[in-house]
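Undergrad: Next come a sequence and a model predicted from it.
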Amino acid sequence: MTSSDNKLNFLIVICDDLAFGDLSMHGNRVCRTPHLDGMGDAGISLGRHLAGPLCSPSRACLLTGRYNYRTRVVDTYCGRSVMDSTGTTLAQHLRQAGYATGCFGKWHLGDTHPHRPEDRGFDETLWHLGGGIGQPGDHPDNYGRESYFDPVLCRNGAFERIDGYCTDIFTNEALGFINRHHAEPWFAYVAFNAPHTPLQVDPEATAACAARGATGDLASLYAMVENIDSNVGRLLAALDAGGLRENTVVVFTSDHGPCPGVRDGEGQPRFNAGLRGEKGSVYEGGIRVPCLWSGPFPSAGGAFQEPTHAIDIVPTLLGMVGVEAPQDLDGASLLPLFRGNGLEPRTVFLQWHRGDKPAPRRNATAVSAHRKWVSISEGSTGELYDVANDPGESRNLASVDPEGLDQLVKAYDAWFLDVSRPHAFAPVPIVVSDKALPLRLTRQDWRVEGADGWDSRTKAHWVLDVRSPGVFNVALHFDEPPPARGTVSLECGGFSFAQESDPGRGDYEFLAELPSGETTLRARWQTDFSEGSPFAVEITRPLS
């Protein structure tokens, strides 16, 4: 008996920084994406699918069906990308319905218990820490290498180095998962960290793109996209070979638009189908992403131009297998759209900017079927566009249609008030419990005390929730050791500890008693002339 005799299987593939215009089906004349183009031709293509404007917010929306602000995910670093545990993820819903679940690739929603993918509904996991391979929040063996080859990854809570290229590795893991669970319903979440920088891939693939006319950074970037397309082809071929294609829903998408700074040989940004803006922007170039579906749909498929949102994926997939969607979801099932009946009129919202707490109307948008409101700065009345007929957002209609502008402004203001109520964007504390040990605190999750940053001179602290109080070893690791004699200090739980520092010494250890409840941990070295923060802090129980 195969899973095709039972419930539908689900495969979600999400990329990082993949632009709408990276696919040849969207007009790219250099990058070749035949497998993705084939998905769009034979299945469903959502031409106005919105996500982002940045990594963690987009992933929180996709995995919960709720606006990311409800999950306390407001940004990508400095403790603002940890998804709280109040909502239920798609993996948790499906596991309760009898599904095997696997997560392979980028998570970016919390690196410590109980926020890791293995804590949020995934039975099998292979993922990298932080926001990207080699970033400060990643495993220390990856940091500084900035290599997408042979990374150290976290498999079900334990670290191991795996040979190969990152996108190939995550595809291999997904293929193994599908093979192991072919006789039961399964859900695989495959989250490629490509084509996010660094732009690294097989040099021969880069040369092939360059030979077709890609110049500058685009040769490597398009080679990364073509590698993604090839790996999607491998996944689809495996479904065909296993007799699973007709009983598997495949969703391919991206988390936001193209990364700023990636340019061709003449300094021009990469092709994005004429859309305005890049990653981080709420103009279409920053939030409109590919969204392709294949599977046994109630219609023959086709291209749809109604605005859809990452929050719609959870209710749509749950509806396909008869799992009742929770009442607190913000998304709408797309099944009526797929049946050719369209969607109920609605307005969807996206917003992002740096900082611990979102500001009203700052880099925000409200999108309806016929109009789009954009506000860049706090307090602005904003701009108005007819995106269906002006996808490049070149003509501001605010003065022409003040009534339409006012409707969307009021809708946004009501939405912002609604998503702000439950928690006022308080930080999600890092849990200190015997279940969470050994616990490694990194700059990915610290809270800054001033300007944003995650280098050694940034002043910051970690917000902790101590659930297993007692005595702990607290080890400090400095990537920039003190250059002269001074002091190394640790403040936590109302206690303060200090010891003399040695020039060039990067590791220090304290024995600290942590009381129960929420507290902060702050560590620094100081000399007469300078000071610095740790690269990481490790918390363990002392050996008995």
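TA: Thanks, I have the structure now.
Undergrad: Low-confidence stretches in this structure?
TA: 1-6, 298-301, 544 (pLDDT under 70).
Undergrad: longest helix of it?
TA: For the chain, the longest helix by residue count, based on DSSP state H, is helix 218-241.
Undergrad: From the chain's centre, how far out is it? Work that out for me.
TA: 20 Å (CA atoms, centre = their mean, to the nearest Å).
Undergrad: Mind giving me the packing neighbours of it?
TA: strand 9-15, helix 34-42, helix 166-180, helix 203-211, strand 248-254 (3 or more CB pairs under 8 Å, 6 or more residues apart in numbering; DSSP states H and E). (C-beta placed from N, C-alpha, C; glycine too.)
Undergrad: Could you dump the ones you listed into a markdown table with mean neighbour count and distance to A498 added?
TA: As requested, these are arranged in a markdown table below (neighbours: other CB atoms under 10 Å; distance: least, CB to CB, whole Å):
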| stretch | mean neighbour count | distance to A498 |
| --- | --- | --- |
| strand 9-15 | 25 | 46 |
| helix 34-42 | 19 | 57 |
| helix 166-180 | 21 | 42 |
| helix 203-211 | 15 | 50 |
| strand 248-254 | 24 | 48 |
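Undergrad: okay if I get the ones you listed as a markdown table plus distance to L441?
TA: Converted to a markdown table, the helices and strands packed on helix 218-241 look like this (distance: least, CB to CB, whole Å):
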| stretch | distance to L441 |
| --- | --- |
| strand 9-15 | 27 |
| helix 34-42 | 39 |
| helix 166-180 | 25 |
| helix 203-211 | 37 |
| strand 248-254 | 30 |
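Undergrad: Select, out of these, the one closest to D528.
TA: With CB to CB as the criterion, D528 lies closest to helix 166-180 of the helices and strands packed on helix 218-241, at 44.2 Å.
Undergrad: Neighbouring strands - and their directions - for the helix or strand following the closest one?
TA: As assigned by DSSP states H and E, the chain's next helix or strand after helix 166-180 is strand 186-191. Strand 186-191 has its sheet partners listed here by DSSP bridges as strand 9-15 (parallel), strand 100-106 (parallel).
Undergrad: Quick one, which of those strands gets closest to F252.
TA: strand 9-15 (4.7 Å).
Undergrad: do you know which of the helices and strands packed on helix 218-241 lies nearest L318?
TA: That would be, of the helices and strands packed on helix 218-241 and by CB to CB, strand 9-15, which comes in at 10.0 Å.
Undergrad: now R48: how far from R371?
TA: Look at R48 and R371: by CB to CB, to the nearest Å, they are 13 Å apart.
Undergrad: got it, and P34?
TA: Taking CB to CB, one finds P34 at 36 Å from R371.
Undergrad: Select the longest strand from the chain.
TA: strand 517-526 (DSSP state E).
Undergrad: Counting by contacts, list what the helix or strand following that strand packs against.
TA: Downstream of strand 517-526, the next assigned helix or strand under DSSP H and E is strand 531-532. Judged by 3+ CB pairs under 8 Å, 6+ apart, the packing partners of strand 531-532 are strand 517-526.
Undergrad: strands paired with the strand it packs on, and their directions?
TA: When DSSP bridges is applied, strand 517-526 pairs with strand 460-466 (antiparallel), strand 486-492 (antiparallel), strand 531-532 (antiparallel).
Undergrad: How far off centre is the first one?
TA: Translated: strand 460-466. 23 Å.
Undergrad: For that strand, give me every contacting residue.
TA: Here strand 460-466 makes contact (CB atoms under 8 Å, 6 or more residues apart in numbering) with 78-79, 427-433, 441, 443, 445-449, 492-493, 514-522, 533, 537.
Undergrad: next helix or strand past that strand?
TA: strand 470-477.
Undergrad: next one: the second one
TA: Using DSSP H and E, the helix or strand that follows strand 486-492 in sequence is strand 495-501.
Undergrad: Okay, now the sheet partners of that following strand, with direction.
TA: strand 486-492 (antiparallel).
Undergrad: So what angle separates the directions of the strand it pairs with and strand 470-477?
TA: Relative orientation of strand 486-492 and strand 470-477, computed by axes from the mean of the first three to the mean of the last three CA atoms, to 10 degrees: 140 degrees.
Undergrad: Contacts for strand 486-492, please.
TA: Contacts for strand 486-492 (CB under 8 Å, 6+ apart): 464, 474, 476, 482, 496-501, 508, 510, 512, 514, 519-528.
Undergrad: now those: which count as buried?
TA: 464, 474, 476, 482, 501, 508, 510, 512, 514, 519-525 (16 or more other CB atoms under 10 Å).
Undergrad: I'd assumed A366 was in a strand, is it?
TA: Yes - assessed by DSSP: H, G, I helix; E, B strand; the rest coil, A366 belongs to a strand.
Undergrad: Tell me who's in contact with it.
TA: The contact partners of A366, by CB under 8 Å, 6+ apart, come to 347-349, 372-373, 408-409, 411-412, 415.
Undergrad: Contacts only, for S254.
TA: 14-20, 51, 289-290.
Undergrad: do G493 as well
TA: So G493 contacts 466, 512-515, 519, 521 (CB under 8 Å, 6+ apart).
Undergrad: could I get those as JSON lines with distance to D202?
TA: Converted to JSON lines, the contacts of G493 look like this (distance: CB to CB, whole Å):
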{"residue": "V466", "distance to D202": "47"}
{"residue": "A512", "distance to D202": "48"}
{"residue": "E513", "distance to D202": "52"}
{"residue": "L514", "distance to D202": "48"}
{"residue": "P515", "distance to D202": "53"}
{"residue": "T519", "distance to D202": "48"}
{"residue": "L521", "distance to D202": "43"}
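Undergrad: ok, of those residues, which one's closest to Y283?
TA: Nearest to Y283 among the contacts of G493, with distances taken as CB to CB, is L521, at 39.7 Å.
Undergrad: Quick check, the closest one in contact with L441.
TA: Yes - L521 lies in contact with L441 (CB atoms under 8 Å); the separation is 7.1 Å.
Undergrad: and for these two, which residues touch both?
TA: 462, 537.
Undergrad: Among the helices and strands packed on helix 218-241, which comes closest to M83?
TA: Across these, closest to M83 is strand 9-15 (CB to CB), at 15.1 Å.
Undergrad: Narrow the contacts of A366 to those in strands?
TA: Using DSSP E, the contacts of A366 in strands are 348-349, 372-373.
Undergrad: Generate a PyMOL selection restricted to the buried subset of these.
TA: Here is the PyMOL command that selects the buried residues among those (16+ other CB under 10 Å):
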select buried, resi 348+349+372+373
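Undergrad: can you list the ones in strands among the contacts of A366 in CSV and add distance to E324?
TA: Formatted as CSV, the ones in strands among the contacts of A366 follow (distance: CB to CB, whole Å):
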residue, distance to E324
V348, 22
F349, 25
K372, 32
W373, 33
